[in-house]
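Novice: How does the following fold in three dimensions:
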Amino acid sequence: MGIRKLLSVGLAAAAILLAAGAGAYDLPSVNLGFTSFLDGGPPAGPGVYLTQYVQYFSSDRFTDQDGNRLLPREANEDLDVWVSLTQLIYQSDRPVLFGGKWGLDVIVPVVGLNVDYDIDAPFPEDNGTGVGDLLVGPFLQWDPVMGAKGPIFMHRVEFQLIFPTGKYDEDRELNPGSNFFSFNPYWAGTLFLTPRWTVSTRLHYLWNAENNDPNRGFGDADDTQAGQAVHANFSTAFEVWPKHLRLGINGYYLKQLTDTQVDGDDVDDRREQVFGIGPGLLWHITPDAHLFFNSYFESSAENRPEGERFNLRLVYHF
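Specialist: I've put the predicted structure just below:
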């Protein structure tokens, strides 16, 4: 058998092992970089908000549990993901608990996935474009703490519920929908270091229910349950053009805390993590219209793709 034939057989065998679950990629899609500056409160007070997000993610490196390349270099994987989120928020002016004013957040995603390889082997495949998982989040928003020169601090808690309404195919590893319910509450806050300089963060906890129809990478497993995780967005921005333009730095971090389970048993070496950071801006077009742009460049990824992420977000207050 020639060297080229041996290489081909070896790559195919490696691909089969990888597709059978040597990599993880178990967690659902969550808020990595969708929100950033002034995240502790709505930009224009109570009322109805319509927000449209468009995010593009690109990766040419799938990672394993040690952060090394998961697939053979000859695979030359190329993953492109487009995400559209349409968000409707109602923020009331009625306090209900400890001064917090109730509100409701609803997000409908549409996700487009495309992955290509340079060699023909049974690597993870995408399920194309489709509606993602519906998010519904009741929340409490507190009024800003005011100082002599304006707001000092504002914050919010939200109890996000992610319902498995998205497109899913058990014969594909990369799907617009997760096929399981998730609970993803968060706390978000913004601190005004000066009237023009702010820092913001959003801290999430993620719990996932069972998937009773796991994808083919889990073989003949009856059910799987992705591990619990924490993830956070963080940012700082300075108002370079008063009441119009803020420039800053934005980032995110995700860390899986518990093992994924397959048929009720913990599976080692599947925990995910990633860190992303980059520049961004916020343009206050009018008092009721705001445009965010954020870019992120990832590192320290484990058991997930590592790449670049670009986010555009338009918020309008009615």
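Novice: Look up the pLDDT of F234 for me, please.
Specialist: On pLDDT, F234 comes in at 98.
Novice: Now it. Nearest residue, chain neighbours left out?
Specialist: Of all residues not flanking F234 in the chain, T201 sits nearest, at 4.6 Å (Cβ to Cβ, 6 or more residues apart in numbering). C-beta: built from backbone N, CA, C; applies to glycine.
Novice: Pull the number of nearby residues for R61.
Specialist: Residues contacting R61 under the criterion other Cβ atoms under 10 Å number 18.
Novice: so what pLDDT did it get?
Specialist: On pLDDT, R61 comes in at 97.
Novice: again, but for P43
Specialist: Model confidence at P43 (pLDDT) stands at 86.
Novice: How is it assigned, secondary-structure-wise?
Specialist: Look at P43: counting by DSSP: H, G, I helix; E, B strand; the rest coil, its state is coil.
Novice: The chain should start at 11 in everything you say after this.
Specialist: Shifting the count to begin at 11 puts that one at P53.
Novice: what residues are up against it?
Specialist: P53 sits next to 294, 300, 325, 327 when contact means Cβ atoms under 8 Å, 6 or more residues apart in numbering.
Novice: Quick one: which of the residues you listed is the most crowded by neighbours?
Specialist: When neighbours are counted by other Cβ under 10 Å, H300 leads the contacts of P53 with 23 neighbours.
Novice: Look up how far L95 lies from that one.
Specialist: Going from H300 to L95 by Cβ to Cβ, to the nearest Å gives 16 Å.
Novice: cool, and N222?
Specialist: From N222 to L95 the distance is 27 Å (Cβ to Cβ).
Novice: For these two, work out which one has more neighbours and name it.
Specialist: Between N222 and L95, counted using other Cβ under 10 Å, L95 has the larger neighbour count: 20 against 11.
Novice: Give the closest residue to the more buried one in space, chain neighbours not counted.
Specialist: Y63 (3.9 Å).
Novice: Need the per-residue pLDDT for that neighbour.
Specialist: Looking at Y63, its pLDDT stands at 98.
Novice: Could you tell me how many residues sit around it?
Specialist: Counted with other Cβ under 10 Å, Y63 comes out at 20.
Novice: correct me, but it touches F320?
Specialist: No: look at Y63 against F320 with Cβ atoms under 8 Å: they stay out of range, at 11.3 Å.
Novice: Which residues belonging to the longest strand seen in the chain are considered buried?
Specialist: As assigned by DSSP state E, the longest strand anywhere in the chain is strand 88-107. Along strand 88-107, these residues count as buried under the neighbour rule (16 or more other Cβ atoms under 10 Å): 89-91, 93, 95, 97, 99, 101.
Novice: Stretch 219-238 now?
Specialist: Using 16+ other Cβ under 10 Å as the test for burial, stretch 219-238 gives 220-221, 224-228, 231, 233-238.
Novice: Over to stretch 195-213?
Specialist: The neighbour-count check on stretch 195-213 (16+ other Cβ under 10 Å) flags 195-196, 198-202, 208-212 as buried.
Novice: Which members of those define the maximum pairwise distance?
Specialist: P195 and F202 (24.8 Å; Cβ to Cβ).
Novice: leaving aside the residues next to it on the chain, what's closest to H165?
Specialist: Nearest residue to H165, sequence neighbours excluded (Cβ to Cβ, 6+ apart): G199, at 3.9 Å.
Novice: For the helix or strand hosting that neighbour, name the packing helices and strands.
Specialist: G199 belongs to strand 196-204 when assigned by DSSP states H and E. Strand 196-204 is packed against strand 160-168, strand 207-218, with contacts defined by 3 or more Cβ pairs under 8 Å, 6 or more residues apart in numbering; DSSP states H and E.
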